[in-house]
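[1] need a structure here:
(one chain, ligands or ions: 1)
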Amino acid sequence: MGIARNLSPSQLQSFQTQGFLVLESFASHEEVVAMRTRMDQLLHDFDCSSTASIFSTKNQQRTSDDYFYDSVEKISFFFEEKAFDGDGNLKQPKELSINKVGHALHEIDPVFKRVSSSDKVSSLFISLDYKRPVIIQSMYIFKQPGIGGEVVPHQDNSFLYTEPTTCTGLWLALEDATIINGCLWAIPGSHKNGLLRRFLRNEEGVHFDRPLPSYDQKDFVPIEVKAGSLVVIHGDLIHQSFENQSSKSRHAYSLHVIDTVGCEWSPDNWIRRKVDPKPLYVS
Ligand code: FE2
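    Numbering: from 1, shown residues only. Predicted coordinates:
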């Protein structure tokens, strides 16, 4: 295969201890600019009169509809909850109203596909001993100035469950992420306590099987990173981000990867693919 591991023993150990790892300058300046420019174009071409699907992690049941389900194999646009006025009209330009774009940029769009399936991404998963990893979803997250909604504390394995669990999140900063504009926060070591709840889909829609656990905010640490840095997130790590009340956006591109050897994709996950995703590699 010719792709080598790219994590050092100390990086691996830090990931295993903390449940997350920051890789500075993972993406080049050119790659960051290419992704941001491409997203500018996708937004420009998006006809927002045809759709108004809102994304909220606070009220996920309400926001799950066919547009959401079908986005698994498409490039779909989800608005911020606070983007609209009382009459249902956008309060600001569409470019500043979108919460995220998902969930198949990595498969459909050439610019995002190139970065997502690059050797450096594969090398990461070789380092983490994945046998046949697949990217199960991708998201471009805007965290818009003033209205960028919070993402409540969660574990990625809740949403992308395999038995046994194998999800790892990659979160690539496309702008500097700071406490001011809504960077990630995580509870170091929280991945060691296992998965606390699951997000299930059935005929009626989606729901969590347990209420949101209460967390002590003092346990969270901010993960402030420069544009181009990658945060690798263990699937059981408890993480969140706050509303962006600043005047600066905080763009990021995220991928979630599961293994497909030695584990089973759960049929009650919200993602139901018509076509099996291609693996990054087969070891
Ligand atoms: Fe997450």
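[2] Got phi/psi on the residue lying farthest from the centre of the chain?
    Distance from the centre of the chain peaks at residue 87, with 30.8 Å (Cα atoms, centre = their mean). Backbone geometry at residue 87, expressed as degrees, to the nearest 10, gives phi -90, psi 0.
[3] I'd like to know how far it sits from residue 65.
    Using Cβ to Cβ, to the nearest Å, residue 87 is found at 21 Å from residue 65. (C-beta placed from N, C-alpha, C; glycine too.)
[4] With residue 32 instead?
    32 Å.
[5] out of those two, which sits in the more crowded spot?
    In terms of neighbours (other Cβ atoms under 10 Å), residue 32 is the more surrounded of residue 32 and residue 65; the figures are 20 against 11.
[6] The more buried one reaches residue 226, doesn't it?
    No. Using Cβ atoms under 8 Å, residue 32 is not in contact with residue 226, being 10.1 Å away.
[7] quick one: low-confidence ranges for the stretch 51-200 of the chain?
    For the stretch 51-200 of the chain, the stretches flagged by pLDDT under 70 are 51-64.
[8] residue ranges for the helices of it, please.
    Using DSSP state H, counting those that start in this stretch, the helices of the stretch 51-200 of the chain run over residues 66-70, 105-108, 110-116, 119-127.
[9] Just name whatever secondary elements the third one is in contact with.
    Contacts of helix 110-116 with other secondary structure elements, assessed using 3 or more Cβ pairs under 8 Å, 6 or more residues apart in numbering; DSSP states H and E, are made with helix 29-45, helix 105-108, strand 133-141, strand 252-259.
[10] Dump these into TSV; add distance to residue 10 as well.
    Shown next, in TSV, are these (distance: least, Cβ to Cβ, whole Å):
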stretch	distance to residue 10
helix 29-45	26
helix 105-108	29
strand 133-141	23
strand 252-259	22
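[11] Out of those, flag the one nearest residue 17.
    Evaluated with Cβ to Cβ, the helices and strands packed on helix 110-116 place strand 252-259 nearest to residue 17, the distance being 20.7 Å.
[12] angle of that closest one against helix 119-127?
    Between the axes of strand 252-259 and helix 119-127, defined by axes from the mean of the first three to the mean of the last three Cα atoms, to 10 degrees, the angle is 40 degrees.
[13] what about strand 252-259, average pLDDT?
    The average pLDDT within strand 252-259 is 98.
[14] likewise stretch 266-274?
    Mean pLDDT, stretch 266-274: 95.
[15] for the stretch 51-200 of the chain, what spans make up the strands?
    Using DSSP state E, counting those that start in this stretch, the strands of the stretch 51-200 of the chain run over 75-79, 98-103, 133-141, 151-154, 162-163, 168-173, 184-186, 199-202.
[16] right, so of the ones you listed, which gets closest to residue 120?
    Within the strands of the stretch 51-200 of the chain, the stretch nearest residue 120 is strand 168-173; the backing value is 10.6 Å (Cβ to Cβ).
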